[in-house]
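S.K.: the amino acid sequence is not available; the structure is as follows:
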């Protein structure tokens, strides 16, 4: 008899991509159908994929991306996480890597990099399919990359399809009218999972993650119900099942009990309120540029500062222009990591900057 209950714990990790996506068959089909022409060297339709957290948007996109990568054809699928790569240069650098295009050490500006990437794609008659996940996290002013990619045929003679993935349906409406008109993407909505769909997802994952008989149906039902209560969030349901398995393992059991699942739910609810914001903040900070991270570090140590105080403290550590530091602050404000408000001071009006909580 096997020791423990986990056969493949990784099957419950956020990075795991299952062979099937229960409850998302129609959405996967819609995305695949829109992008299929790329395999034949033709331009695919642009897509706008939206829906709440944990509704399977990223998993479905990665599923189709994997199929495109495995298909024999002209398509070159590229995945970009815009939270981590929130500038046009970062997006284009990721595309250049997918094309196998070496970049000079000196670095390139956005316009020159765009030209090189498009020339490479055009020369080999390849079709770029760019998946821009968390596209609503692009830094302010960087959405022009959507304009250039969407009009690649007209501007550069290259064939490009763009898949924008966002939580907020209003992302497109907030774009510059020229960018929105050029993108003109077909919408694919991901609605929240139903309790029955969450159960099927957990059954599929449990079959991979646990040894036979280690995860009873009533445990799956409890974890699915918790995910449904939290807005139909599959990530919450899967994480709860994983933690229930850890509780059972800690108690030396080879089978998850209902009590284990309830402890996982109660602990997750209690600790979630305490740690979720902190964890999310740490993940966001990890993805920042060095300059943005230094601003955050100063605010953590000093608390609220006026803009003049922050600039002075920053420049004692690293020599950069006031304009550059102000740009860092503006980007952090757009990412909701700092709060900026106008206040009165002895020297007149100034900005007060604090770390968001």
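M.R.: Here it is on my side, so go on. The structure presented is a predicted model; accordingly, all values stated were derived computationally and were not measured.

S.K.: so which residues of the stretch 251-357 of the chain form strands?
M.R.: 305-306, 338-345, 348-355 (DSSP state E, counting those that start in this stretch).

S.K.: domain map for the protein?
M.R.: Domain assignment for the chain by automatic domain parsing gives 25-190, 194-284, 290-355.

S.K.: how long is the second one end to end?
M.R.: Between the opening and closing residues of domain 194-284 there is a gap of 30 Å (Cα to Cα, to the nearest Å).

S.K.: now it: average pLDDT?
M.R.: Averaged over domain 194-284, pLDDT sits at 87.

S.K.: on that earlier part again, now the strands of the stretch 251-357 of the chain as TSV including mean neighbour count?
M.R.: Every residue, glycine included, has its C-beta placed from N, CA and C. Formatted as TSV, those follow (neighbours: other Cβ atoms under 10 Å):
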stretch	mean neighbour count
strand 305-306	18
strand 338-345	12
strand 348-355	15
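
S.K.: quick check, residue 188 in a strand?
M.R.: Yes - per DSSP: H, G, I helix; E, B strand; the rest coil, residue 188 lies within a strand segment.

S.K.: residue 289 versus that one, what's the distance?
M.R.: 32 Å (Cβ to Cβ, to the nearest Å).

S.K.: which one's more surrounded, those two?
M.R.: Shown here are residue 188 and residue 289; by other Cβ atoms under 10 Å, residue 188 has more neighbours (21 against 14).

S.K.: ok, that one touching residue 29?
M.R.: No - look at residue 188 against residue 29 with Cβ atoms under 8 Å: they stay out of range, at 10.0 Å.

S.K.: for residue 4, which of the strands of the stretch 251-357 of the chain is the nearest?
M.R.: Residue 4 lies closest to strand 348-355 among these, at 41.5 Å (Cβ to Cβ).

S.K.: listing partners with orientation, what would you give for that closest one?
M.R.: strand 305-306 (antiparallel), strand 338-345 (antiparallel) (DSSP bridges).

S.K.: list of residues touching the shortest one?
M.R.: Going back to what we said before, that points to strand 305-306. With Cβ atoms under 8 Å, 6 or more residues apart in numbering as the test, strand 305-306 has contacts from 298-299, 313, 343, 345, 350-354.

S.K.: same question, stretch 19-31
M.R.: Taking Cβ under 8 Å, 6+ apart as the rule, stretch 19-31 contacts 47, 49, 56, 59-61, 63-64, 163, 188, 190, 193-194, 197, 200-201, 204.

S.K.: rerun that using 6 Å as the cut-off
M.R.: Applying Cβ atoms under 6 Å, 6 or more residues apart in numbering, the contact partners of stretch 19-31 are 56, 59-60, 63-64, 188, 190, 193, 197, 200-201, 204.

S.K.: right, and residue 113 touches residue 91 too?
M.R.: No - shown here, residue 113 and residue 91 do not form a contact pair, counting by Cβ atoms under 6 Å, at 9.5 Å.

S.K.: which one's more surrounded, these two?
M.R.: Ranked by neighbour count (other Cβ under 10 Å), residue 113 and residue 91 place residue 91 first, with 27 against 20.

S.K.: contacts only, for the more buried one.
M.R.: Residue 91 touches 80, 85, 145, counting by Cβ under 6 Å, 6+ apart.

S.K.: and the helix or strand where the first one lies, what's its mean pLDDT?
M.R.: If I follow you right, that is residue 80. Residue 80 is located in strand 75-81, with elements delineated by DSSP states H and E. For strand 75-81, mean pLDDT rounds to 93.

S.K.: how about low-confidence regions in the chain?
M.R.: 1-3, 104-107, 268-283, 347, 357 (pLDDT under 70).

S.K.: the same query, at a cut-off of 80, please.
M.R.: 1-4, 72, 103-110, 140, 268-287, 345-348, 357 (pLDDT under 80).

S.K.: centroid residue for it?
M.R.: The residue lying closest to the centre of the chain (Cα atoms, centre = their mean) is residue 134, at 4.5 Å.

S.K.: what residues does that one make contact with?
M.R.: By Cβ under 6 Å, 6+ apart, the contact list for residue 134 reads 82-83.

S.K.: now do the same contact list for residue 226.
M.R.: 240, 265.

S.K.: shouldn't it be within a helix?
M.R.: Yes - using three-state DSSP, the assignment for residue 226 is a helix.

S.K.: where's it relative to residue 56, distance?
M.R.: Counting by Cβ to Cβ - residue 226 and residue 56 are separated by 17 Å.

S.K.: and residue 146, by the same measure?
M.R.: 23 Å.
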